[in-house]
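sharing a sequence plus its predicted fold:
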Amino acid sequence: MGRTPGDMSAPTGVADKLWFKYMLSCGAATCAELVTYPLDLTKTRLQIQGEAAEKKPAPSGRPPLYRGFLRTAGGVVREEGVLRLWQGVTPAIYRHLIYSGVRMNGYEWLRDRVSRPGQPLPVWQAALAGLAAGGLGQLLASPADLVKVQMQTEGRRRLLGLQPRVKNAAHAFRQIVRRGGVRALWKGCVPNVQRSALVNLGDLTTYDSVKARLVRGTALGDGPVTHFLASVASGLVSATLGTPADVVKTRVMNQPTDSRGRGTLYRNSVDCFVRLVREEGLLAMYKGFVPCWMRMAPWSLTFWFTYENLRRVCGTGTF
């Protein structure tokens, strides 16, 4: 077992340097993203069903094709090909090179300076640290997330008979800047940051708190079973807290823009939330919850298992 959180007197080497742990967190996040990305794409396709842009009849005369998680995923494979389940994975990985590195190391840095040596961080302090680290990480990584969402919806647009907007990640970045300037890269930033803050409130706080109490209160120790239980709990709490904000974020980021880079469907995240509830019902806030949870659970499991073992192999103290 590595250093106890909050033990600032333990000797440190390269393996305990911030930049090294940053690299480990990015590597673990990339692994988790590649494994679970098809679930993220399916979730996004579910969330955009019902928005104004899709209520117009397609030129082919066909109604919207997907309803439900399995039918949506199956439809993507059947109509677009298996590889389309990973459409947009490149900017998703770019995002994690910033987002996961900042959120993980920001949280750990805050925790180690606030917690008492040998004692778990109080839940309310862990929650604040998770909110702050997750919000900052997403603020910095928001442009990559915007490109990812737009690329995820391209196959759906083609099936509806709409003109494709982007060809690849680089083209998407250029198109966004050309139409609305650099500032447009942060379209949907507010709901994005809100969503990530809530997700990290659930993920980091739950994992850290559950793990600490299992290590200290049971005979499981700091091993795979503890990591598994803590990651499953964190995935469920993250999905419950983050899905409503995730739906709003997806709608705002996916909407078309005018010549000045302003959204044509929603004025802001509040307007999107109000219209979504009024036009589609309160349960619309949990569209894509099942794939969201089904993704967050294996994502958390893959990430935490990979991250903890990378730290162990490299001689870094456990999280």
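Now that the structure is in, tell me what you want to look at.

pLDDT below threshold where in the stretch 151-300 of the chain?
Counting by pLDDT under 70, the stretch 151-300 of the chain has low-confidence residues at 155-161, 261.

what segments of the protein are helices?
With DSSP state H applied, the chain shows helices at 18-48, 52-55, 69-80, 89-114, 123-152, 154-159, 169-180, 189-217, 224-254, 269-280, 289-314, listed in chain order.

residue contacts, the residue nearest the centre of the chain?
Centroid-nearest residue in the chain: residue 196, 6.8 Å away (criterion: C-alpha atoms, centre = their mean). Counting by C-beta atoms under 8 Å, 6 or more residues apart in numbering, residue 196 makes contact with 99, 103, 134, 135, 137, 138, 242. C-betas here are computed from N, CA, C, even on glycine.

for residue 30, see how far away it is.
18 Å (C-beta to C-beta, to the nearest Å).

what's the answer for residue 123, then?
Counting by C-beta to C-beta, the gap from residue 123 to residue 30 is 30 Å.

ok, now residue 202?
21 Å.

so between the two, which is more surrounded?
Taking other C-beta atoms under 10 Å, residue 202 and residue 30 do not tie; residue 202 has more neighbours (24 against 18).

the more buried one contacts residue 237, correct?
Yes: between residue 202 and residue 237 there is a contact under C-beta atoms under 8 Å: 3.7 Å.

please report phi then psi for residue 164.
The phi/psi pair for residue 164 (degrees, to the nearest 10) reads phi -60, psi 140.

from residue 240, how far off is it?
Residue 164 is 35 Å from residue 240, by C-beta to C-beta.

same check on residue 138?
Between residue 138 and residue 240 the distance, using C-beta to C-beta, works out to 18 Å.

which of these two has more neighbours?
Set residue 138 next to residue 240 and count neighbours by other C-beta under 10 Å: residue 138 wins out with 25 against 16.

any idea how far residue 211 is from that one?
Taking C-beta to C-beta, one finds residue 138 at 23 Å from residue 211.

ok, residue 44 next?
Distance from residue 44 to residue 211, by C-beta to C-beta: 30 Å.

kindly report the same for residue 146.
For residue 146, the distance to residue 211 - C-beta to C-beta - is 33 Å.

surely residue 298 meets residue 35?
Yes: if you go by C-beta under 8 Å, residue 298 and residue 35 touch, sitting 6.8 Å apart.

spatially nearest residue to residue 206 (excluding sequence neighbours)?
residue 234 (4.0 Å; C-beta to C-beta, 6 or more residues apart in numbering).

an error on my part: the question was meant for residue 27.
residue 310 (6.4 Å).

tell me the contacts of the one you found?
24, 27, 28, 316.

likewise for residue 136?
By C-beta under 8 Å, 6+ apart, the neighbours of residue 136 are 102, 103, 106.

export those as JSON lines, with columns for distance to residue 87 and neighbour count.
Putting those into JSON lines (distance: C-beta to C-beta, whole Å; neighbours: other C-beta atoms under 10 Å) gives the following:
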{"residue": "102", "distance to residue 87": "25", "neighbour count": "22"}
{"residue": "103", "distance to residue 87": "25", "neighbour count": "29"}
{"residue": "106", "distance to residue 87": "30", "neighbour count": "21"}
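
can you redo these as CSV with pLDDT?
Shown next, in CSV, are the contacts of residue 136 (pLDDT from 0 to 100):
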residue, pLDDT
102, 95
103, 95
106, 95
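
residue contacts, the nearest residue to residue 212 once chain neighbours are set aside?
The shortest distance from residue 212 to any non-neighbouring residue, by C-beta to C-beta, 6+ apart, is to residue 120 (3.5 Å). Residues in contact with residue 120 (C-beta under 8 Å, 6+ apart) are 5, 208, 209, 212, 213, 216.

quick one, phi/psi of residue 120?
Backbone torsions of residue 120, given as degrees, to the nearest 10, read phi -70, psi 150.

distance of it relative to residue 312?
Applying C-beta to C-beta to residue 120 and residue 312 gives a distance of 20 Å.

same question for residue 184.
43 Å.

and if you look at residue 181?
Distance from residue 181 to residue 312, by C-beta to C-beta: 46 Å.

what's the answer for residue 96, then?
21 Å.

likewise residue 17?
16 Å.

do residue 284 as well
43 Å.

between the two, which is the more surrounded one?
Using other C-beta under 10 Å, the more surrounded residue of residue 284 and residue 312 is residue 284, with 20 against 14.

tell me how many other residues crowd the nearest residue to that one once chain neighbours are set aside.
Nearest residue to residue 284 in three dimensions, chain neighbours excluded: residue 276, at 5.3 Å (C-beta to C-beta, 6+ apart). A count of nearby residues for residue 276, using other C-beta under 10 Å, gives 21.

ok, now which ones touch residue 276?
247, 248, 251, 284, 285 are the contacts of residue 276 under C-beta under 8 Å, 6+ apart.

from residue 255, how far out is the closest residue to the second one other than its chain neighbours?
To tie it back to what came earlier, the one meant is residue 248. Residue nearest to residue 248 in three dimensions, not counting chain neighbours: residue 191, with 4.5 Å by C-beta to C-beta, 6+ apart. According to C-beta to C-beta, residue 191 stands 12 Å off from residue 255.
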